[in-house]
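next one to model:
(2 chains)
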Amino acid sequence: MSKVKWVGMLLGLLGFCLPLLVTFPGLSLAGHFAMSIFLLAAIFWMFETIPIYSTSILVILSQVVFLSSQGFIDYSGTIYSPLDYTEFLSTLADPIIILFLGGFVLADASVKYDFDKSMTRYLLRPFGSQTKFIMLGLMIVTGFLSAFMSNTATTAMMITVILPIIAKMEPGDPARIGIALSIPFAANIGGMATPIGTPPNAVVIAALNNQGMNVEFSSWMIYAAPLAIVMLFITWQILIRLYPPAMDAISLNLEGKLKTSRDALILYGTFAVTVLLWVTESFHGIKSAIVALIPVTVLTLTSTFRKEDIRKLPWEVLWLIAGGISLGISMKETGLAEWMVSAISWDQFGYLALLAVFALVALAMSNFLSNTVTASLLIPLAITLVTSGILQGTAGMMMIGLVIALGSSFAMILPISTPPNAIAVSTGMLKTKNMITAGLIVGLIGLGFILLLSMIYWPYLM
Amino acid sequence: MEEKIYILVVEDEPEVLDAIVRDISDFESHFVIEMADTAEEAREIIQSILKEGDQIGLILCDHVLPGDNGVELLVEMQHAPETESTQKVLITGQAGLDETVRAVNEADLKHYIAKPWEKEKLVEIVRNQLTDYVLEHVSNPMQYMAVLDGEKIAEQIRKGKSVTDK
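Alright, predicted model coming up:
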């Protein structure tokens, strides 16, 4: 293990012990245990002492051991009535996890039958051969695909598209950097648009659902997709200004045929029906998690998606999300979140300032931490602001949830900020300093737009 | 990069050795190039690399060497578990058919380069062999995209999930 990981290990264990040794006034016994788990998880997540998905599983186990009615601590006579252990375990089958599972199966099946590549070729055709419009096309396609597939897989696929283009450009052409940046940025932004676009959306939506809100697939899109679309255009403009293309036109090889085997056709049909049912949830009322079981069922029963494909699903991402959801439950139930929030007198902040603080913290944190971890750590505190009356009602709850999810997706200044960024830098086409400059501009403008939407657009939807 | 990956070049003529190493010097940003002029020296280098916990990704080996010949060395490496995965390439003008067949059958020879070679060809072979090696044996092949076959590595990330959202 590296030194950093050892420091994380030590700090994590110290953090875990602290609430067991020190009594914090105003915090219940259960709150102390919840704080132990919170500190351990937060520090392990930050230092990646163990893989972040392992930390999530550790969170669930610790909660069963210390905070459930089947655990080792006797809470009789205290104000905390322990939850049944199934409450923590069932986060692994939370509706949002099932929704993601459906998304994963669709995405992986698309990769298996090269549907993502065929769609890319098809969608890029209208953008002609002018360098800057090809770049816009690449960004729109990346954004669109990453709204339904993993940002990382979308980026990897698009990198295979742009490497041959870049190889044909002059070595000194600034557009090489611009194009190499446009893909990860578009993937990060595209992920905001749908609930299944990126894991932080899941953590936030699960937390809101646990508060009795019902965040529909389509309603999330109505809130978040306009932001993603506007930011795609703005990012495009920023990149062609920072890295103006030296050549007016580039050639793009869009040859290739759509697969038409039986299995591929089943996939296309299932994909279309599923997405259609997701975006029309408000008309038919079938919950998106239930719809998500359609692709899982249809694709497996037709052997379009086989046992070995199921094994290759990114299960650890689901565990990561489940741990985040689970941590939120115990922070709220034990009163820890409320206690932490009460340490700051929030009423002195204006409504907008409060959103701005959370957006800024989310943006800053997730540049260095996993986006999912950022959302997992912030959303329990944000929800408590609403339940303790500092923010108003379901509108306030939705608003702060969006701010956290979208804020953490706008973090893109470093290779470590998101896996798409890491892939782009790994190609060797750009330097980290290019990413810092462009990423900072995009992040800050994104932040501005989030706050703008929270004043002029979102309130009218609620 | 946690552990180093070596490229081992075995060639007894100093000028030829220099020429090979010079031709593949672009890979030095991500790999360590080691040189040996006999099979015996190569064995010692292999042992010391393995002792450090590092790996040998690729060996470019001449056939006619003083002492044990190149094919002998490659077969021996194929039979040792630590060097079985090393991509083995013969770069020679003088290996006979029998020896070459033996190298293919018993040492899983990946490529046969006839001397004299063209630089572009050699670089391409080295790039392909190392790409196959890191895709198979490195947990995060992404870090080699810039110097190896970036498209192939990206394709594996798309399919193989060595990297996922987080």
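
spell out which parts of chain B neighbour chain A.
Contact residues, chain B versus chain A (C-beta under 8 Å from any C-beta of the partner chain): B:142-147, B:150-151, B:154-155, B:157-161, B:163-166. All C-beta spots, glycine's among them, are computed from the backbone N, C-alpha and C.

show me what from chain A comes close to chain B.
A:52, A:111, A:116, A:150-153, A:156-157, A:159-160, A:163-164, A:191, A:198-199, A:312, A:314, A:316-317, A:320, A:370-373, A:418-419, A:422-423, A:426-429.

looking at these, which are in helices?
A:52, A:111, A:116, A:151-153, A:156-157, A:159-160, A:163-164, A:199, A:316-317, A:320, A:371-373, A:419, A:422-423, A:426 (DSSP state H).

my guess is B:V138 contacts B:Y144, does it?
Yes. The pair B:V138 / B:Y144 is scored as a contact, 7.3 Å apart, by C-beta atoms under 8 Å.

show me the shaky parts of the chain.
The chain I'm using is chain A. Judged by pLDDT under 70, chain A has no weakly predicted residues.

that's the wrong chain, I meant chain B
Applying pLDDT under 70 to chain B flags residues B:1-2, B:161.

could you pull out the helices for the stretch 251-400 of chain A?
A:262-279, A:281-284, A:288-301, A:307-311, A:315-333, A:336-342, A:351-368, A:371-387, A:393-409 (DSSP state H, counting those that start in this stretch).

possible to save those as a markdown table with mean neighbour count?
Shown next, in a markdown table, are the helices of the stretch 251-400 of chain A (neighbours: other C-beta atoms under 10 Å in any protein chain shown):
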| stretch | mean neighbour count |
| --- | --- |
| helix A:262-279 | 17 |
| helix A:281-284 | 12 |
| helix A:288-301 | 19 |
| helix A:307-311 | 11 |
| helix A:315-333 | 25 |
| helix A:336-342 | 21 |
| helix A:351-368 | 19 |
| helix A:371-387 | 26 |
| helix A:393-409 | 26 |
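
mind checking which of those helices is nearest B:P66?
Set against B:P66 and scored by C-beta to C-beta, the helices of the stretch 251-400 of chain A come closest in helix A:307-311, at 49.6 Å.

neighbours around the nearest residue to B:L148 once chain neighbours are set aside, how many?
Leaving out its chain neighbours, the residue that sits closest to B:L148 by C-beta to C-beta, 6 or more residues apart in numbering or on different chains is B:T131, at 4.4 Å. B:T131 has 23 neighbouring residues, counting by other C-beta atoms under 10 Å in any protein chain shown.

isn't B:T131 up against B:I153?
Yes. If you go by C-beta under 8 Å, B:T131 and B:I153 touch, sitting 6.8 Å apart.

list the residues that contact both of these two?
Listed contacts common to B:T131 and B:I153 are B:Y144; contacts here mean C-beta atoms under 8 Å, 6 or more residues apart in numbering or on different chains.

what's stretch A:327-334 in contact with?
The contact list for stretch A:327-334, computed with C-beta under 8 Å, 6+ apart, reads A:28, A:30-31, A:33-34, A:37-38, A:41, A:59, A:63, A:67, A:80, A:83, A:87-88, A:91, A:203, A:206-207, A:210, A:336-338, A:340, A:376-377, A:379-381, A:383-384, A:387.

same check, this time on stretch A:153-167
A:107, A:111, A:116-117, A:120, A:134, A:138, A:141-142, A:145-146, A:176, A:179-180, A:183-184, A:187, A:190, A:250, A:252-253, A:419-420, A:423-424, A:427, A:429, B:150-151, B:154-155, B:157-158, B:161, B:163-164.

can you turn the buried part of those into a PyMOL selection?
Command for PyMOL that selects the buried part of the contacts of stretch A:153-167, burial taken from 16 or more other C-beta atoms under 10 Å in any protein chain shown:
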select buried, (chain A and resi 107+111+116+117+120+134+138+141+142+145+146+176+179+180+183+184+187+190+250+252+419+420+423+424+427+429) or (chain B and resi 150+151+154+155+157+158+161+163+164)
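
taking chain B, what residue is nearest to chain A?
B:A146 (2.6 Å; C-beta to the nearest C-beta).

name the nearest residue to A:F47, ignoring sequence neighbours.
Leaving out its chain neighbours, the residue that sits closest to A:F47 by C-beta to C-beta, 6+ apart is A:G8, at 2.5 Å.

was I right to think that neighbour contacts A:E48?
Yes. With contact defined as C-beta under 8 Å, A:G8 reaches A:E48; the gap is 7.1 Å.

so between these two, which is more surrounded?
Ranked by neighbour count (other C-beta under 10 Å), A:G8 and A:E48 place A:G8 first, with 21 against 18.

how is the more buried one assigned, secondary-structure-wise?
Following DSSP: H, G, I helix; E, B strand; the rest coil, we place A:G8 in the helix state.

enumerate every residue touching it.
A:G8 touches A:I43, A:F44, A:M46, A:F47, A:E48, A:T49, counting by C-beta under 8 Å, 6+ apart.

give me the subset of these that lies in strands.
With strands taken from DSSP state E, there is no overlap with the contacts of A:G8.

which one of the residues you listed is nearest B:M35?
Distances from B:M35 to the contacts of A:G8, taken as C-beta to C-beta, are shortest for A:E48 (37.8 Å).

against B:W117, how distant is that closest one?
When distance is defined by C-beta to C-beta, to the nearest Å, A:E48 is 44 Å away from B:W117.

which helix in chain B has the most residues?
Across chain B, the longest stretch assigned as helix under DSSP H is helix B:119-137.

give me the contacts around it.
B:5, B:7, B:20, B:23-24, B:26-27, B:31, B:55, B:57-58, B:60, B:85-87, B:89, B:91, B:110-111, B:113, B:141, B:144, B:147-149, B:152-153, B:156.

what's the answer for stretch A:384-395, then?
For stretch A:384-395, using C-beta under 8 Å, 6+ apart, the contacting residues are A:211, A:213, A:332, A:337-338, A:340-342, A:346-347, A:351, A:354, A:396-397, A:399-400, A:458-459, A:462.

quick one: residues contacting B:I5.
Counting by C-beta under 8 Å, 6+ apart, B:I5 touches B:H30, B:F31, B:V32, B:D54, B:Q55, B:I56, B:G57, B:L130, B:Y133, B:V134, B:V138.

now with 7 Å, please.
B:F31, B:Q55, B:G57 (C-beta atoms under 7 Å, 6 or more residues apart in numbering or on different chains).
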